[in-house]
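In: Fold the following.
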Amino acid sequence: VQLQASGGGLVQAGGSLRLSCAASGRTFSSYSMGWFRQAPGKEREFVAAISWSGGIKYYADSVKGRFTISRDNAKNTVYLQMNSLNPEDTALYYCAREGVDRSYDYWGQGTQVTVSS
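Out: A predicted model of the protein is given here:
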């Protein structure tokens with residue numbers, strides 16, 4: 001399984017970005033997926049997760065109401081729509097697959113999001 005994250009960039013505070021994570025393999029639709037982020041000097045933190053069907057979604061309190069996770073199983077892709085961005089959202093964003101034991105077993109390479117004030 002390979003995960004390729006894209007869509008990061010530099011945006012002003014209040015702006016929006018949409019991240020994409022394209023997965024290889026034929027079993028994408030069987031797994032929950034998540035987004036995480038890591039800011040410089042900080043530990044990696046959970047951002048959002050979505051069930052295999054897209055029917056269940058979870059968000060970190062810090063992004064709730066601003067970020068939306070979604071997926072298109074026909075395209076083997078999971079998305080993270082990020083609105084009302086602020087400088088505290090600046091981080092390297094990773095997508096990951098949740099394995100059968102509920103741990104995240106495959107990770108993408110990360111895409112940088114930088115929000116200027």
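
In: pLDDT-wise, which helix or strand of the chain ranks last?
Out: Least confident helix or strand of the chain, by mean pLDDT, DSSP states H and E, is strand 104-107 with a mean of 94.

In: so what strands line up beside whatever helix or strand comes next after it?
Out: Once strand 104-107 ends, the next helix or strand along the chain (criterion: DSSP states H and E) is strand 111-116. Using DSSP bridges, strand 111-116 pairs in its sheet with strand 9-12 (parallel), strand 91-98 (antiparallel).

In: Among those, show me which one is buried the most.
Out: Mean neighbour count, computed with mean count of other CB atoms under 10 Å, is highest for strand 91-98 among the strands paired with strand 111-116, reaching a mean of 23. Using the backbone N, CA and C atoms, a C-beta is placed for each residue, glycine as well.

In: Quick one: mean pLDDT for that one?
Out: Model confidence over strand 91-98 averages 97 on the pLDDT scale.

In: what's in contact with that strand?
Out: Residues outside strand 91-98 that contact it (CB atoms under 8 Å, 6 or more residues apart in numbering): 1, 3, 5, 8, 19, 21, 23, 31-39, 42, 44, 47, 49, 78, 80, 104-113.
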